[in-house]
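1. can you look at this prediction? I've put the sequence above it.
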Amino acid sequence: MPLSEYEQRVLSQMEQQLRSDPRLVSTFTSEQRYSGRRLALGTLAVLAGLAMLVGGVAASLVWLGVLGFVAMLGGVMLAISKPRGAAPKAPASRPRSSRPAAPQRGGFMQRLEERWDRRRDQRGR
């Protein structure tokens, strides 16, 4: 079932607004890379943890198995984490309107719905 002309227009407007959102653009175009050293150390920690886990199961040593699992978890976290000094730069903020900001009450979807309703009300005038 094809979209109506109104739905196509609304969809294109939403796409335009998403492209012009500086926070969203900076999130997806971040130039931060994962560190090769962290990846290598994390991989070694996972392999060592796996060896401890298997050794703990084979020797019926629960504490060694738990320690191996914790080492594997720490290795994965180390491998996928980014260096601490590589915090993303905050994008330049857009000028805000003169009206006071509404209190934050609700989740992401509720805020999107409120913004959508405000836009629809502005266009309907």
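-> Cool, got the structure. Predicted model only: the values in this text are computed from it and were never measured.
2. and stretch 116-125, average pLDDT?
-> On average, the pLDDT along stretch 116-125 is 78.
3. all further residue positions should be reported with the first residue as 231.
-> Understood, numbering begins at 231; the last thing we discussed is stretch 346-355.
4. distance between it and the chain's centre?
-> When C-alpha coordinates are averaged (CA atoms, centre = their mean, to the nearest Å), stretch 346-355 and its chain have centres 30 Å apart.
5. and stretch 291-311, by the same measure?
-> Distance, centroid of stretch 291-311 to centroid of chain: 23 Å (CA atoms, centre = their mean).
6. and that stretch, which residues are buried?
-> Residues of stretch 291-311 classed as buried by neighbour count (16 or more other CB atoms under 10 Å): 294-295, 297-298, 301-302, 305, 308-309. The C-beta positions use only the backbone N, C-alpha and C, and glycine is treated the same way.
7. give me the outermost residue of this protein relative to its centroid.
-> In the chain, residue 289 marks the outermost C-alpha relative to the chain mean, sitting 40.4 Å out by CA atoms, centre = their mean.
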